[in-house]
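> just coords:
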């Protein structure tokens, strides 16, 4: 910890002129990106994690955006919807350009959405997010190179045809995967490497562009001179990467950051006494997953044994200091279809032991080798050790622990290299599809454990052909299949805490995390 603090002191000292300037002219914000060593990805197609999304949402924008209450608002376009609710026609603002001045057209969107589906891009969520669009599945399956449901009626008119009415389609478009990309930049630098040129190329249409990027240290962002909306009054945002939330809070208290967020449970008591403390429930579920294609977790009895062995209430009260709510379901409160009376698989140490030993009897040489891997900025070592102790006590077996840096962890998870791991399900919009389908369909690239259940898949498909309460009832059925089969183990519903002092205006929290809007209202006084 001393070495880490020393390194951060050097980093912040290097920014001392920016800190002084921020104090004097209120034009520079020192924004800690808490919980990561660096931005994991700047390619919206690659499913940015919560930390990467802070940056992505500064440098990209799309047809629509969300307000603080997650209501959809027009951004780059207005729209008309056909009487059968299957054809959306977007009229794009001709003033919209990328940060190098390249115009954004209907073709920019067709290129971006088609690219995300290409097998060679390997987007973890394009297949599910774009599934409602006619012809999208053909592209993701490699059977077509263009999406039938996407048409440019003229330079600035985009027509999108859906397979069936999709009531949450506009909400889907708030996901950064649908934000336009600069085709000429990608063609110049290549599909895999173009984001490494983000500081010199015009990659986005958002309110900021990247001035410098010191990997594993900081990123400096300045207002995009070509931004079509109202410009930010800030001259610069210095984003400092701080992997450890405890360290971030210490530096905030020392006056080194403009605000602090993602506050660790152990610091909550002190933080609650600070002016500007705020805490909101996230549209998020923390969950555990297994590699269901390999021994021992290809056996549902073993997965269920781990579910019964997990004492979520003790975790919530003892480790998290009641900053999370124990989760019985995969859908969190606030999402339509949430089942408050469904108990899932409750904690039962004896049942856990009996199930596990029915597969691996004690005092035999067949005991499996099990390692629990976790991202060290999203799951504390104390929580990991508490989980390890619960499982070992209940199952009478040895569990190894493997902490990994967050970006490296999710890179391994997407490559299906994690035997037993931790995931955060973040809802982009309040609908069960964004959580259950995106994470658990057998075709989803975000199904890290490759769990596959025909009943689940068919029920989700049926739900998407239904509307209203009947649709939510089908999602309830599908969720219960996933929980009872222990495809995933819901762990808790987290809350996000921050200290946003009174001199920081226009910054708040909502169900998706930090909320800055379009940054035009963000300023320091």
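Received the coordinates, thanks. All values reported here derive from a predicted model rather than from experimental measurement.
> From the chain's centroid, how far away is the longest helix belonging to the chain?
As assigned by DSSP state H, the longest helix anywhere in the chain is helix 468-484. How far helix 468-484 lies from its chain's middle: 23 Å, per C-alpha atoms, centre = their mean, to the nearest Å.
> and the following helix or strand past that helix, which strands flank it?
Next in sequence after helix 468-484, counting helices and strands by DSSP states H and E, comes strand 488-499. Strand 488-499 pairs in its sheet with strand 260-261 (antiparallel), strand 277-281 (antiparallel), strand 284-290 (antiparallel), strand 324-326 (antiparallel), by DSSP bridges.
> Which strand residues bridge residue 90?
residue 79, residue 158.
> residues contacting it?
Contact analysis of residue 90 by C-beta atoms under 8 Å, 6 or more residues apart in numbering lists 63, 77, 78, 79, 106, 109, 157, 158, 159, 160. (Each C-beta comes from the backbone N, C-alpha and C, glycine too.)
> Any stretches of this protein with poor pLDDT?
The model of the chain has pLDDT under 70 over residues 1-25.
> Would you map out the domains in it?
In terms of domains, the chain is parsed into 2-44+206-276+500-524, 64-184, 284-495 (source: automatic domain parsing).
> end-to-end on the shortest one?
Which is domain 64-184. 23 Å (C-alpha to C-alpha, to the nearest Å).
> any idea how far it is from the chain center?
For domain 64-184, the separation from the chain centroid amounts to 19 Å (computed by C-alpha atoms, centre = their mean).
> neighbours around residue 340, how many?
Residues contacting residue 340 under the criterion other C-beta atoms under 10 Å number 7.
> rewinding a little: which of the domains of the chain sits closest to residue 193?
Of all the domains of the chain, it is domain 2-44+206-276+500-524 that lies closest to residue 193, at 10.3 Å by C-beta to C-beta.
> a strand runs through residue 239, doesn't it?
Yes. With DSSP: H, G, I helix; E, B strand; the rest coil as the criterion, residue 239 is part of a strand.
> The stretch 151-300 of the chain: helices as residue ranges?
Remark: helices assigned in the stretch 151-300 of the chain by DSSP state H, counting those that start in this stretch are 169-172, 183-189, 245-253, 268-271, 300-308.
> right, so these: which one is the most enclosed?
Mean neighbour counts were compared across the helices of the stretch 151-300 of the chain using mean count of other C-beta atoms under 10 Å; the top stretch is helix 300-308, at a mean of 23.
> Between strand 284-290 and it, find me the angle.
140 degrees (axes from the mean of the first three to the mean of the last three C-alpha atoms, to 10 degrees).
> Which strands or helices does helix 300-308 pack on?
Applying 3 or more C-beta pairs under 8 Å, 6 or more residues apart in numbering; DSSP states H and E, one finds that helix 300-308 contacts strand 284-290, helix 349-359, helix 381-395, strand 488-499.
> Go through the helix or strand following the third one and flag the buried ones.
Okay, so that is helix 381-395. Next in sequence after helix 381-395, counting helices and strands by DSSP H and E, comes strand 399-404. Using 16 or more other C-beta atoms under 10 Å as the test for burial, strand 399-404 gives 399, 402, 404.
> Next, format the residues you listed as CSV and append distance to residue 392.
Formatted as CSV, those follow (distance: C-beta to C-beta, whole Å):
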residue, distance to residue 392
399, 6
402, 15
404, 21
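> Of the residues you listed, which is the nearest to residue 169?
residue 404 (35.8 Å).
> so how far is residue 337 from the closest one?
Going from residue 404 to residue 337 by C-beta to C-beta, to the nearest Å gives 33 Å.
> again, but for residue 181
Applying C-beta to C-beta to residue 181 and residue 337 gives a distance of 33 Å.
> Give me the more crowded residue out of these two.
Neighbour count, other C-beta under 10 Å: between residue 181 and residue 337, residue 181 has more, with 25 against 22.
> In contact with the residue lying closest to that one once chain neighbours are set aside, which residues?
The spatially closest residue to residue 181, leaving aside those adjacent along the chain, is residue 112, at 4.7 Å (C-beta to C-beta, 6 or more residues apart in numbering). Going by C-beta under 8 Å, 6+ apart, residue 112 touches 178, 179, 180, 181, 183.
> could you redo the last one with a cut-off of 10 Å?
Counting by C-beta atoms under 10 Å, 6 or more residues apart in numbering, residue 112 touches 44, 45, 62, 104, 177, 178, 179, 180, 181, 182, 183, 186.
> wait, which of those is closest to residue 149?
residue 178 (13.5 Å).
> Tell me how many other residues surround the closest one.
The number of residues near residue 178, taken as other C-beta under 10 Å, comes to 21.
> That one contacts residue 44, correct?
Yes. With contact defined as C-beta atoms under 10 Å, residue 178 counts as touching residue 44 (7.9 Å).
> so what sits against both of these two?
Common neighbours of residue 178 and residue 44 are listed as 60, 62, 112, 116, 126 (criterion: C-beta under 10 Å, 6+ apart).
> which element is the fourth one on?
Counting by DSSP H and E, the element that carries residue 116 is helix 106-117.
> Please spell out which residues along stretch 192-206 are buried.
Neighbour-count burial for stretch 192-206 [16+ other C-beta under 10 Å]: 194, 195, 197, 198, 201, 202, 203, 204, 205, 206.
> what do you get for stretch 331-348?
For stretch 331-348, by 16+ other C-beta under 10 Å, it's 331, 332, 335, 337, 338, 339, 344, 345, 347, 348.
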